[in-house]
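*Asks:* this one's sequence-less:
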């Protein structure tokens, strides 16, 4: 793969900053967002990520573009786990929709910083110690087993938020959009908004331990890794608003996520003997997530048909 020219990094950071500014200004003062508007914004974010892939293809070649696309699909699919966490945190802390955008915006900004740290440290470690790839593969396989056994849609609270609430002075009342307030006795305490923001950041750090190695299963190029991560993360707010009302209906989604993690783990472990091309990786990811969503929707329709059927007479049930 050709070396990444410095101006590509400049274009990337300029695009990220412009998109963050647009997202902040476009939703300033809004007290909620319609489902249709959230879908439009989600399409815009996905289009931005794919357009950047076109630039990579023109400058760095087809292989780099394919690796970016595969890494983007992995990060986008694994970001669905973040949506579950957003929903649990906001519900457990009773955060109203009118202030959720502020928390999500700051949470995404923090995620960009932490992902950069994970990726650059991980890339340096893999370049120096080749066996690190097997460690990453083992982490992915273990995480796949954990995700397979635990359905995130059944969680009623968040461990990070519960841990923070026990260690920080907290008021349980919202104070408009403030993160810290001064009480009548002079004490400064955290509001539920600060708990939500810290909970999002801590949880994303945990998720980064899973998702970043998954991207390393596709490529070891730092620019491809971080740009694909960044564009996948930038659309999280819109994705959350699109799926917030229906995410509980995706009962089998965690099986698809577990499959993606297991595929990435096996790819890293078996890479010396079995190479999977980037576009084949994209196909595997799409099939795994698509199958999980299809099975979830099929089960939901089946349950809806059962509920709509009239109750059987008592004699027939006893027979």
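*Replies:* Perfect, thanks for sending it. Computed from a predicted model, the values in this text were never measured in an experiment.
*Asks:* I'd like to know which elements the host helix or strand of residue 227 is packed against.
*Replies:* For residue 227, the element it lies in under DSSP states H and E is helix 222-234. Using 3 or more C-beta pairs under 8 Å, 6 or more residues apart in numbering; DSSP states H and E, the elements in contact with helix 222-234 are helix 6-26, helix 35-60, helix 62-92, helix 97-128, helix 192-216. To be clear about C-beta, it is placed using only N, CA and C from the backbone, and glycine gets the same treatment.
*Asks:* how about the helices in the stretch 201-319 of the chain?
*Replies:* 222-234, 236-243, 253-270, 278-308, 314-318 (DSSP state H, counting those that start in this stretch).
*Asks:* redo those helices as TSV? Include mean pLDDT, mean neighbour count and distance to residue 111.
*Replies:* Compiled in TSV, those are given as follows (pLDDT from 0 to 100; neighbours: other C-beta atoms under 10 Å; distance: least, C-beta to C-beta, whole Å):
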stretch	mean pLDDT	mean neighbour count	distance to residue 111
helix 222-234	91	25	5
helix 236-243	80	23	8
helix 253-270	88	22	18
helix 278-308	85	15	21
helix 314-318	49	8	53
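*Asks:* out of these, which gets nearest to residue 183?
*Replies:* Set against residue 183 and scored by C-beta to C-beta, the helices of the stretch 201-319 of the chain come closest in helix 236-243, at 31.2 Å.
*Asks:* show me what that closest one is packed up against.
*Replies:* helix 35-60, helix 62-92, helix 97-128.
*Asks:* so for residue 265, which of these sits nearest?
*Replies:* When the helices and strands packed on helix 236-243 are compared (using C-beta to C-beta), the closest one is helix 62-92, at 11.7 Å.
*Asks:* what's the mean pLDDT across the closest one?
*Replies:* For helix 62-92, mean pLDDT is 85.
*Asks:* between that helix and helix 35-60, what angle do the directions make?
*Replies:* 150 degrees (axes from the mean of the first three to the mean of the last three C-alpha atoms, to 10 degrees).
*Asks:* and the nearest residue in space to residue 193 that is not next to it in sequence, its phi and psi?
*Replies:* Leaving aside its sequence neighbours, residue 193 sits nearest to residue 179 (C-beta to C-beta, 6 or more residues apart in numbering; 5.2 Å). With angles defined as degrees, to the nearest 10, residue 179 shows backbone torsions of phi -100, psi -30.
*Asks:* which residues touch residue 179?
*Replies:* Counting by C-beta atoms under 8 Å, 6 or more residues apart in numbering, residue 179 touches 190, 191, 193, 194, 197.
*Asks:* how about JSON lines for those residues, with neighbour count added?
*Replies:* Below are the contacts of residue 179 laid out as JSON lines (neighbours: other C-beta atoms under 10 Å):
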{"residue": "190", "neighbour count": "19"}
{"residue": "191", "neighbour count": "22"}
{"residue": "193", "neighbour count": "23"}
{"residue": "194", "neighbour count": "19"}
{"residue": "197", "neighbour count": "22"}
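*Asks:* quick check, nearest of the residues you listed to residue 142?
*Replies:* residue 197 (28.4 Å).
*Asks:* leaving out chain neighbours, which residue sits closest to that closest one?
*Replies:* residue 103 (5.2 Å).
*Asks:* wait, the one you found sits on residue 95?
*Replies:* Yes: in this structure residue 103 lies within contact range of residue 95 using C-beta atoms under 8 Å: 6.7 Å.
*Asks:* more crowded one of these two?
*Replies:* Between residue 103 and residue 95, counting by other C-beta atoms under 10 Å, residue 103 is the more crowded of the two (26 against 21).
*Asks:* how near is the more buried one to residue 162?
*Replies:* From residue 103 across to residue 162, the span is 17 Å (C-beta to C-beta, to the nearest Å).
*Asks:* could you do residue 198 as well?
*Replies:* For residue 198 relative to residue 162 (C-beta to C-beta), the value is 12 Å.
*Asks:* residue 195 too?
*Replies:* 10 Å.
*Asks:* between the two, which is the more surrounded one?
*Replies:* residue 195 (26 against 12).
*Asks:* residues in contact with that one?
*Replies:* 93, 161, 164, 165, 168, 170.
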